[in-house]
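Chemist: here is a sequence with its predicted model. Questions after.
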Amino acid sequence: MATNMRGLTQFIADIRGARVRELEEKRINKEMANIRKRFKDGNLDGYQKKKYVAKVIFTYILGYKVDIGHMEAVNLISSSKYSEKQIGYLAVTLLMHENSDFLRLVVNSIRKDLNDNNEIHNCLALHAIANVGSREMAEALSEDVHRLLISPTSENFVRKKAALTLLRLYRKHPDVIPVQEWALRIVSIMDDPDLGVVLCVTSLILALAQDHPEAFAISYQKAVDRLNRLVVEHEYAATYAYYKVPIPWLQVKLLRLLQTYPPSDDPTLQVMLQVVLQTIMNNCNEPSRNVQHNNAQHAVLFEAINLAIHIDTNSPLVNTAAVLLARFISSKETNVRYLGLDTMAHLAARTDNLGAIKKHQGTIIISLRDKDISVRRRALDLLYSMCDVDNSELIVGELLRYLKVADYGLREEMVLKIAILTEKYASTYKWYVDTILELLSAAGDHVGEEVWYRVVQIVTNTEDLQAYAAKVVFEYLKSPSSHESLVKVGGYILGEYGHLIANEPGYSPIEQFQVLHSKSQFCMAPTRALLLSTYIKWVNVFPEIKPQLVNVFERYRHVLDVDLQQRACEFYALALRPEEDELLQNVCEEIPPFPPRESALLNRLNKKNAESEDKRPWAHSGNGTLERQPSKMMKKPTLIDTNGHGSNSTGDISQDIASIPRLTAGPNVDRWFDKLAYTADGVLYEDVQIQIGIKSRYQGPVGQVAVYIGNKMSAPLTSFTTALHTEENEALSASFVKIAPSTLAPRTQIQQIVQVECKKVFRKPPILVVSFLAGAHQAIAVRLPIVISKFLEGVKLGPTDFFERWKLIGGPPREAQSIFPISLDATGHIDLAKQRQVVSGHGFQILEGIDPNPSNLVGAGIVHTAVDGKVGCLLRLEPNKEAKLSRITIRSTSEDVASEVQKLVQKPLAAEPSGPGEKRTT
């Protein structure tokens with residue numbers, strides 16, 4: 001830049017040559033005056049504007065205030081020359097803040113550069129949008145940035161910058177981005193062949209998915225698929241291998257994205273993820289001598305361990321992880337120790353079995369004295385998370401010892417955690433009181449109000465604890481220096497329960513008064529006010545020291561503090577009332593037990609650690625939680641579940657995720673489905689772009705459906721995804737055997753196998769969703785012909801057996817009967833061949849010789865279910881040629897089976913409706 005502008009080069013040389021600041025300021029003022037004059041005179045060409053604006057920019061970078069050059073910078077942006085445009089954009093991003101009025105003048109120029117075919121101009125515009133990031137700019141240009149991101153003609157480096165620009169705009173103005181509308185199109189870019197583009201888009205999706213998990217549910221499958229291709233199949237260009245680790249930044253982001261969602265219950269994804277995580281852990285078994293290789297590998301490994309813990313804390317992978325973490329917390333490298341302790345804290349907060357972590361308790365305690373404060377903080381978190389009934393006394397004791405020498409930045413958090421652990425895992429009242437009072441004595445100014453409030457609540461509500469607490473707090477108050485928090489606790493406990501120990505040697509009323517009152521001169525006004533309340537209670541229970549107490553009230557009647565003065569005057573008046581007066585007794589009654597309430601200590605700790613941008617569902621000890629069971633997760637990400645499983649209607653986000661995909665409409669879609677309901681193979685869907693065919697076979701309660709998807713176009717279908725949505729998960733399970741390839745080549749066909757199991761009677765078939773990019777993002781949703789009759793197996797019965805069972809089942813509700821219109825064949829006869837095909841196609845064994853009328857059909861079968869067992873089903877079909885009507889009767893041991901099979905058999909046999917609806921009797 002400077003080499004082409006001699007004036008700028010000379011200006012910079014003069015500034016650097018100035019020996020003192022005054023000379024530098026003099027040279028700058030002279031130059032700014034010259035530039036201001038030039039700008040005022042006008043008639044500057046592009047080169048001169050560029051040169052003078054560059055000088056203004058340099059002056060600004062040096063830290064001087066500049067108030068000129070803004071309009072010239074706006075004009076430079078409109079230039080067609082790159083060097084001038086570059087200086088203009090640089091000036092705009094440096095000299096203008098996001099609320100500057102000048103920005104309104106550049107929005108149209110930026111939009112023009114975004115729409116330009118010159119990718120360099122695109123990048124300059126994207127830089128300006130990301131750096132300035134004003135709301136007005138975001139509202140005006142976000143759609144143009146999105147268009148650059150999804151455009152197939154954009155260069156890869158432009159798409160990368162567009163993704164990061166959108167991320168910047170979303171972080172500053174999340175309401176400006178129409179997330180729901182853009183979600184599927186953005187997710188489709190995760191299948192891009194350029195890993196740099198995938199990395200940038202994954203960063204964007206990671207931020208968006210944390211706030212809108214349901215909209216980006218399909219990204220779960222794509223993340224697993226990409227990890228599998230990177231880690232297991234090694235599908236990446238050599239340029240993306242960082243010290244032999246395949247693009248570790250992308251791996252880390254994908255692993256973090258998977259932690260944003262609850263574990264999937266799709267067996268195919270589970271297996272793939274297990275293989276990926278196992279491979280990552282195996283790669284780290286032998287550390288390398290290369291530091292960069294180790295850093296990249298450890299970054300991936302720690303996220304993989306976090307994901308393994310997130311999925312299932314009882315899996316063998318987590319046991320392997322525990323062994324690796326034990327090695328890391330003893331490492332010589334500070335960063336590795338830090339990450340090992342942090343990840344182990346996550347494991348401790350989630351697992352039910354702390355045995356593997358307790359083996360290294362000594363190492364963790366030693367880490368409390370590490371030279372790095374961040375390591376010490378993580379060791380504190382880990383000890384807090386791994387504490388239980390068995391090791392609580394040891395851990396709390398160590399924390400108390402360390403508290404006396406701990407950094408001031410750690411002490412407040414340590415006090416909260418020690419207080420919480422002491423309360424939660426107290427084995428005896430004695431240990432609880434001793435520990436808490438030692439904490440109050442040692443922590444000093446770092447004890448928050450919540451700590452001593454909680455002590456008072458517990459002592460008040462625990463009768464067996466009151467006398468012992470009074471004794472111990474009295475002994476602590478005897479020490480020469482007692483912190484104010486301890487004085488508050490002592491004042492409250494001795495005021496309420498001092499009379500319980502007053503008859504024991506060394507704890508007489510006068511001794512209690514002398515010890516407590518000796519501390520008052522070192523206390524603040526609120527503490528003295530509490531002590532005055534203690535004294536009035538003693539007036540009621542210790543009449544022998546009443547003169548000393550009245551004397552205190554008398555002195556405090558003349559203090560300047562209004563609250564203390566008012567209390568003293570009121571208490572003085574009460575103390576002078578006659579002894580038989582009941583008013584004093586009523587005022588000084590013992591405080592009743594506090595109502596049950598949640599510990600304020602936990603709330604304080606949660607609040608202290610709540611400021612985090614990490615919105616993953618799991619949380620370790622840093623957020624104050626003590627529970628070590630798996631979190632109450634959101635339901636699995638199974639909207640179109642990643643690879644086949646539907647979603648229940650329970651859970652935090654499942655209401656959104658479980659929404660049923662809108663079925664694709666078409667003239668032949670229903671006809672194809674109805675035919676496949678009673679045939680094993682055929683076309684399920686077809687348009688000008690794609691064809692979907694079906695072949696199926698069933699045995700008992702299980703089945704296998706082969707879905708053939710063909711690309712009819714001469715261009716590939718990219719970001720190709722297949723998914724299943726099952727509404728009745730408890731009754732029917734359907735999942736793909738493997739994930740579909742992300743690209744479907746021109747004029748080719750792929751096969752996707754669906755494994756099906758009927759657990760109970762179901763009514764709604766699963767929905768197949770096929771999405772792909774063909775110019776625009778498209779999605780096709782069709783019902784798979786998996787119906788209850790597919791699990792029906794024919795049974796041969798004689799006339800006697802048939803009628804015996806027919807009568808045994810009886811009528812409604814286990815009978816479903818309907819009369820419906822039928823069509824005759826071309827010769828005017830009943831189409832018996834079609835009727836037999838439909839009945840046998842639905843699984844019934846057609847029984848000959850049962851009904852004397854040859855036009856009537858009789859069938860029998862058994863529906864197989866994995867949970868409810870076998871369900872018998874009998875059929876009678878009685879067509880009437882003259883009336884063009886037919887009566888169908890289904891009897892079954894299950895009323896649900898009877899009604900569902902009746903509808904399935906009737907639909908392909910019924911004539912097309914052209915008049916009144918069908919007549920039905922049941």
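Modeler: Cool, the structure landed.
Chemist: per-residue pLDDT, the closest residue to Val318 other than its chain neighbours?
Modeler: Of all residues beyond its chain neighbours, the one nearest Val318 is Ala308 (5.4 Å), with distances taken as C-beta to C-beta, 6 or more residues apart in numbering. Every residue, glycine included, has its C-beta placed from N, CA and C. Ala308 carries a pLDDT score of 92 in this model.
Chemist: after the lowest-mean-pLDDT helix or strand in the chain, next one along is what?
Modeler: For the chain, the helix or strand with the lowest mean confidence is helix 654-657, at a mean of 38 (criterion: mean pLDDT, DSSP states H and E). Past helix 654-657, further along toward the C-terminus, the next helix or strand under DSSP states H and E is helix 669-676.
Chemist: can I get that following helix as CSV, trimmed to CA atoms?
Modeler: Once non-C-alpha atoms are left out, helix 669-676 reads as follows in CSV (Å, rounded to 0.1, in the frame of the first residue of the first chain):
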residue,chain,number,x,y,z
VAL,A,669,-49.1,-40.4,-4.1
ASP,A,670,-52.1,-41.9,-2.2
ARG,A,671,-52.8,-44.4,-5.0
TRP,A,672,-49.2,-45.7,-4.9
PHE,A,673,-49.3,-46.0,-1.1
ASP,A,674,-52.7,-47.8,-1.1
LYS,A,675,-51.4,-50.3,-3.6
LEU,A,676,-48.1,-50.9,-1.7
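Chemist: just checking, what packs against the following helix or strand past that helix?
Modeler: Beyond helix 669-676 in the direction of the C-terminus, DSSP H and E gives the next helix or strand as strand 681-686. Packing partners of strand 681-686 (3 or more C-beta pairs under 8 Å, 6 or more residues apart in numbering; DSSP states H and E): helix 669-676, strand 690-699, strand 776-783.
Chemist: relative to strand 690-699, how tilted is strand 681-686?
Modeler: Orientation of strand 681-686 against strand 690-699 (axes from the mean of the first three to the mean of the last three C-alpha atoms, to 10 degrees) gives an angle of 140 degrees.
Chemist: how far does strand 681-686 sit from the chain's center?
Modeler: On the basis of C-alpha atoms, centre = their mean, to the nearest Å, strand 681-686 is displaced by 39 Å from the centre of the chain it belongs to.
Chemist: can you list the buried residues in that strand?
Modeler: For strand 681-686, a neighbour-count test (16 or more other C-beta atoms under 10 Å) marks Leu684, Tyr685, Glu686 as buried.
Chemist: show residues contacting it.
Modeler: 664, 666, 668-669, 672-673, 675-676, 691-696, 707, 768, 780, 782, 784-785 (C-beta atoms under 8 Å, 6 or more residues apart in numbering).
Chemist: give me the buried entries from those residues.
Modeler: If you count burial by 16+ other C-beta under 10 Å, the buried members of the contacts of strand 681-686 come out as 664, 669, 672-673, 675-676, 691-694, 696, 707, 768, 780, 782, 784-785.
Chemist: quick one: the residue at the greatest distance from the centre of the chain and Ser696, what's the gap?
Modeler: Each residue of the chain has a distance to the centre, and by C-alpha atoms, centre = their mean the biggest one is for Pro578: 67.1 Å. Distance, Pro578 to Ser696, using C-beta to C-beta, to the nearest Å: 98 Å.
Chemist: circling back to that earlier point, got the helices and strands packed on strand 681-686 as TSV, with distance to Pro595 columns?
Modeler: As requested, the helices and strands packed on strand 681-686 are arranged in TSV below (distance: least, C-beta to C-beta, whole Å):
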stretch	distance to Pro595
helix 669-676	61
strand 690-699	61
strand 776-783	54
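Chemist: quick revisit: I figured the residue nearest to Val318 hits Ser315, correct?
Modeler: Yes. Judged on C-beta atoms under 8 Å, Ala308 makes contact with Ser315 at a distance of 6.6 Å.
Chemist: what about those two, which has more around it?
Modeler: The neighbour count for Ala308 versus Ser315, taken as other C-beta atoms under 10 Å, is higher for Ala308 (25 against 14).
Chemist: can you name the element that comes right after the helix or strand where the more buried one lies?
Modeler: Using DSSP H and E, Ala308 sits within helix 291-311. Moving toward the C-terminus from helix 291-311, the next helix or strand (DSSP H and E) is helix 316-328.
Chemist: for the stretch 1-150 of the chain, which spans come out with low pLDDT?
Modeler: Along the stretch 1-150 of the chain, the model assigns pLDDT under 70 to residues 1-4.
Chemist: thinking again about what came up before, from Gln585, how far out is the residue farthest from the centre of the chain?
Modeler: With distances defined as C-beta to C-beta, the gap from Pro578 to Gln585 amounts to 12 Å.
Chemist: mind listing what's buried along the longest strand along the chain?
Modeler: As far as residue count goes, and with DSSP state E defining each element, the longest strand of the chain is strand 869-880. When neighbours are counted by 16+ other C-beta under 10 Å, the buried residues of strand 869-880 are found to be Val871, Gly872, Cys873, Leu874, Leu875, Arg876, Leu877, Glu878, Pro879.
Chemist: if we can go back for a sec, next one: the helix holding Ala308 to chain centre, how far?
Modeler: Worked out by C-alpha atoms, centre = their mean, helix 291-311 lies 19 Å from the chain centre.
Chemist: what residues sit buried inside that helix?
Modeler: Under 16+ other C-beta under 10 Å, the buried positions of helix 291-311 are 293-311.
Chemist: what is it packed up against?
Modeler: Other elements packing on helix 291-311 under the criterion 3+ C-beta pairs under 8 Å, 6+ apart are strand 245-246, helix 248-260, helix 267-283, helix 316-328, helix 334-350.
Chemist: so Arg697 makes contact with Val754?
Modeler: No. Under the criterion of C-beta under 8 Å, Arg697 lies out of contact with Val754, with a separation of 11.6 Å.
Chemist: who's more crowded, these two?
Modeler: Val754 (22 against 12).
Chemist: got a list of what the more buried one touches?
Modeler: The contact partners of Val754, taken as C-beta under 8 Å, 6+ apart, are Gly644, Gln704, Val705, Ala706, Val707, Leu724, Ala734, Ser735, Phe736, Val737, Leu784, Ile786.
Chemist: now render the residues you listed as JSON lines, adding secondary structure and distance to Phe216.
Modeler: Rendered in JSON lines, the data for those read as follows (DSSP: H, G, I helix; E, B strand; the rest coil; distance: C-beta to C-beta, whole Å):
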{"residue": "Gly644", "secondary structure": "coil", "distance to Phe216": "18"}
{"residue": "Gln704", "secondary structure": "strand", "distance to Phe216": "31"}
{"residue": "Val705", "secondary structure": "strand", "distance to Phe216": "28"}
{"residue": "Ala706", "secondary structure": "strand", "distance to Phe216": "30"}
{"residue": "Val707", "secondary structure": "strand", "distance to Phe216": "25"}
{"residue": "Leu724", "secondary structure": "strand", "distance to Phe216": "18"}
{"residue": "Ala734", "secondary structure": "strand", "distance to Phe216": "23"}
{"residue": "Ser735", "secondary structure": "strand", "distance to Phe216": "21"}
{"residue": "Phe736", "secondary structure": "strand", "distance to Phe216": "20"}
{"residue": "Val737", "secondary structure": "coil", "distance to Phe216": "25"}
{"residue": "Leu784", "secondary structure": "coil", "distance to Phe216": "25"}
{"residue": "Ile786", "secondary structure": "coil", "distance to Phe216": "28"}
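Chemist: how about low-confidence regions in the stretch 401-550 of the chain?
Modeler: Counting by pLDDT under 70, the stretch 401-550 of the chain contains no low-confidence residues.
Chemist: and Ile709, which of the three is it?
Modeler: Applying DSSP: H, G, I helix; E, B strand; the rest coil to Ile709 yields a three-state assignment of strand.
Chemist: is it in a bridge, and if so with what?
Modeler: The residues paired with Ile709 through beta bridges, assigned by DSSP bridges, are Ile692, Ile750.
Chemist: from memory it sits against Phe772, does it?
Modeler: No. Contact status for Ile709 versus Phe772: not in contact, 9.4 Å apart, counting by C-beta under 8 Å.
Chemist: and for those two, which residues touch both?
Modeler: Going by C-beta under 8 Å, 6+ apart, residues that sit against Ile709 and also against Phe772 are Ile690, Leu744.
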